[in-house]
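Enquirer: show me the folded form of this:
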Amino acid sequence: QLVESGGGLVQAGGSLRLSCAASGRTFTSVAMGWFRQAPGKEREFVAAITWSGGSTYYAGSVKGRFTISGDNAKNTVYLQMNSLKPEDTALYYCAAAPRYGMLKSQGAYAYWGQGTQVTVSS
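Expert: Sure thing, here's the model as predicted:
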């Protein structure tokens, strides 16, 4: 089970830190990712991190503003979001990938959280 937290309402230019904790059934993942879905739009990739080596990947729209990090010992991944814009408003999901693949693609992920809402006001 993946549980996201940290969403909320923030003004443009503000910051939020999302957390995603894995609990319950034990599973092995090689990477974790964040995706988001805005109303009326498809779910899109935001960021990903590999547990081994800590390689990170970002969507162009968030690069330089968002930072993904992870704590393997806690089975927790974080998404620090700075300089938020109204267009960042979306439901943010974390996901776990059981094997290496196209980490920017939803198909690489087998486990998903329920999402946490991020709303950025102008």
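Enquirer: pretty sure residue 37 sits against residue 106.
Expert: No: in this structure residue 37 lies outside contact range of residue 106 using C-beta atoms under 8 Å: 10.4 Å. All C-beta spots, glycine's among them, are computed from the backbone N, C-alpha and C.
Enquirer: the protein: strands as residue ranges?
Expert: 2-5, 8-11, 16-22, 31-37, 44-50, 56-58, 66-71, 76-81, 90-97, 111-112, 116-121 (DSSP state E).
Enquirer: any chance of the ones you listed in a markdown table with mean pLDDT and mean neighbour count as columns?
Expert: Below are those laid out as a markdown table (pLDDT from 0 to 100; neighbours: other C-beta atoms under 10 Å):
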| stretch | mean pLDDT | mean neighbour count |
| --- | --- | --- |
| strand 2-5 | 95 | 18 |
| strand 8-11 | 98 | 13 |
| strand 16-22 | 95 | 20 |
| strand 31-37 | 96 | 24 |
| strand 44-50 | 97 | 22 |
| strand 56-58 | 97 | 17 |
| strand 66-71 | 96 | 18 |
| strand 76-81 | 97 | 23 |
| strand 90-97 | 96 | 23 |
| strand 111-112 | 94 | 16 |
| strand 116-121 | 98 | 17 |
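Enquirer: quick check: neighbours shared by residue 37 and residue 106?
Expert: residue 43 (C-beta atoms under 8 Å, 6 or more residues apart in numbering).
Enquirer: and for residue 55, the neighbour number?
Expert: As a burial measure, residue 55 scores 11 neighbours (other C-beta atoms under 10 Å).
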